[in-house]
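A.B. asks: Let's see this in three dimensions:
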Amino acid sequence: MISLGLEGTAHTFGCGIVNEKGEILSNEKSSYIAPLGKGIIPTDAAEHHSKVKEEILRRSLEKADITMRDIDVIAYSAGPGLAPCLLVTANFAEKISTDYNKPLVPVHHGVGHIEIGRLTTGAKDPIIVYLSGGHTAIIGYTEGYYKIFGETENITLGNVVDMLAREIGLSSPGGPYIEKLALKGNFVELPYTVKGCDLSFSGTLTAAINKLKRGIPKEDICYSVQETCFSMVVEVTERALAHTGKNEVLLVGGVAANKRLQNMFDVMVGERGGKLYVVPHEYSGDQGAMISWVGLLSYKSGWSSNLKDKINPRWRIDEIKINWF
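C.D. replies: You can find the predicted model right below:
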């Protein structure tokens with residue numbers, strides 16, 4: 001059985017093809033680049049997706065060396081995400097499904113990040129640290145669902161990084177730029193806000209921007225934002241480990257690619273005698289393979305969507321019944 005998955009929740013449009021053995025046959029993508037110093041403009045990102053979708057599909061099929069006749073399931077990212085981007089992706093998936101008479105499976109974007117992480121690392125039952133532009137959540141499987149043990153109360157860690165990058169005059173996604181600047185920085189104190197297993201980053205970002213405007217070197221600001229925010233995430237993750245008794249941690253999402261973040265988690269998990277897994281860089285950001293794989297898992301397990309429409313921009317991960325764990 002072979003699944004084709006379309007990802008298009010934000011800046012990236014991707015098409016991945018995966019078989020039932022978990023072999024990733026192709027994973028092609030194209031990303032919208034926001035104007036310098038600005039964030040994603042949803043309608044512009046959707047226009048980008050509309051322009052590249054046919055070519056990305058063609059490239060993915062060509063790389064996998066198959067045709068649409070070989071595909072058994074069509075999956076697409078139904079949410080959460082930016083509505084204009086989600087609609088382009090859903091409508092394209094629906095058209096392919098109709099044209100080739102293939103079953104259509106809506107996929108939760110966050111579940112995609114988790115399952116591609118489990119597939120590519122071999123993690124069995126981890127506490128998942130899901131960090132991206134749209135999500136900051138500490139998650140673990142229990143009683144048929146991915147339960148959220150902690151999450152951001154306001155902006156996400158990915159938002160912090162991207163908004164700081166824009167203040168400095170860099171483009172989004174800003175993670176790689178911030179990480180590079182931080183290597184040359186020194187620590188300045190910033191607000192550290194943890195509430196149980198929940199986090200609050202807005203005060204940290206506001207203070208960082210204010211210090212930047214007062215002339216504190218951008219390298220120091222980048223270093224301090226990383227150290228402060230990453231420490232907050234490590235603290236709440238350790239609390240979730242203690243609460244659940246799990247001994248694995250899996251980092252997923254675009255922010256998971258940060259080497260300093262990985263190092264801090266490696267120390268914490270090692271001190272607890274556990275094991276850290278980090279999704280490979282190729283699969284840390286948004287891509288179609290993760291949608292394809294969850295589409296296949298969902299279809300084979302008999303999962304059915306609770307969506308009232310073809311997309312849900314605010315679809316929560318803890319609403320998804322996980323039949324395949």
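
A.B. asks: Excluding sequence neighbours, find me the nearest residue to the residue nearest the centre of the chain.
C.D. replies: Most central in the chain under C-alpha atoms, centre = their mean is residue 253, positioned 3.4 Å from the mean C-alpha point. Setting aside the residues directly before and after it, residue 253 is nearest to residue 132 in space (C-beta to C-beta, 6 or more residues apart in numbering), at 3.6 Å. Where C-beta positions appear, they are placed from N, C-alpha and C, glycine not excepted.

A.B. asks: Could you measure from residue 26 over to residue 80?
C.D. replies: Here the criterion is C-beta to C-beta, to the nearest Å. By it, residue 26 lies 25 Å from residue 80.

A.B. asks: thinking again about what came up before, what about the residue nearest to residue 253, how many residues close to it?
C.D. replies: Summarising burial for residue 132: neighbours were counted as other C-beta atoms under 10 Å, giving 26.

A.B. asks: cool, the one 5 residues further on as well?
C.D. replies: Other residues near residue 137 number 24, with proximity taken as other C-beta under 10 Å.

A.B. asks: in its sheet, what does the helix or strand hosting it sit against?
C.D. replies: Secondary structure assignment for residue 137, by DSSP states H and E: strand 136-142. According to DSSP bridges, strand 136-142 has the following sheet partners: strand 127-131 (antiparallel), strand 145-151 (antiparallel).

A.B. asks: Could I get the ones you listed in JSON lines, plus columns for distance to residue 101, mean pLDDT and mean neighbour count?
C.D. replies: Rendered in JSON lines, the data for those read as follows (distance: least, C-beta to C-beta, whole Å; pLDDT from 0 to 100; neighbours: other C-beta atoms under 10 Å):
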{"stretch": "strand 127-131", "distance to residue 101": "35", "mean pLDDT": "97", "mean neighbour count": "28"}
{"stretch": "strand 145-151", "distance to residue 101": "32", "mean pLDDT": "97", "mean neighbour count": "20"}
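
A.B. asks: Tell me which of those strands sits nearest to residue 298.
C.D. replies: Distance to residue 298, taken as C-beta to C-beta, is lowest for strand 145-151 among the strands paired with strand 136-142, at 13.5 Å.

A.B. asks: need the helices for the stretch 101-250 of the chain, in chain order.
C.D. replies: When assigned using DSSP state H, counting those that start in this stretch, the helices of the stretch 101-250 of the chain occupy the ranges 109-121, 157-168, 175-182, 202-213, 218-244.

A.B. asks: Low-confidence regions, the chain specifically.
C.D. replies: Per-residue confidence for the chain (pLDDT under 70) gives these ranges: 37.

A.B. asks: Walk me through the domains of it.
C.D. replies: Residue ranges for each domain of the chain read 2-113+283-319, 126-281, as given by automatic domain parsing.

A.B. asks: what comes into contact with stretch 269-278?
C.D. replies: Judged by C-beta atoms under 8 Å, 6 or more residues apart in numbering, the contacts made with stretch 269-278 from elsewhere in the structure are 117, 121-123, 126, 238, 241, 246-251, 256, 262, 265-266, 284.

A.B. asks: Hmm, residue 294 is touching residue 107, no?
C.D. replies: Yes. Under the contact definition of C-beta atoms under 8 Å, residue 294 touches residue 107, with a separation of 4.7 Å.

A.B. asks: Could you name every residue contacting both of these two?
C.D. replies: In contact with both residue 294 and residue 107: 5, 75, using C-beta under 8 Å, 6+ apart.

A.B. asks: pretty sure the residue nearest to the centre of the chain is touching residue 138, no?
C.D. replies: No. When contacts are counted by C-beta under 8 Å, residue 253 is not listed as touching residue 138 (12.0 Å).

A.B. asks: tell me, what's touching these two both at once?
C.D. replies: Residues within reach of residue 253 and of residue 138 at once, by C-beta under 8 Å, 6+ apart, are residue 130.

A.B. asks: May I see the buried residues of stretch 77-86?
C.D. replies: By 16 or more other C-beta atoms under 10 Å, the buried positions in stretch 77-86 come out as 77, 78, 79, 80, 81, 82, 83, 84, 85, 86.

A.B. asks: partner residues bridging the third one?
C.D. replies: Taking DSSP bridges, one finds residue 108 as the beta-bridge partners of residue 79.

A.B. asks: what about it, distance to residue 275?
C.D. replies: 31 Å.

A.B. asks: For burial, what's the neighbour tally of the closest residue to residue 31 other than its chain neighbours?
C.D. replies: Once its chain neighbours are removed from consideration, residue 31 has its nearest residue in residue 12; the separation is 4.6 Å (C-beta to C-beta, 6+ apart). Look at residue 12: counted by other C-beta under 10 Å, it has 23 neighbours.

A.B. asks: With that, I have no additional questions.
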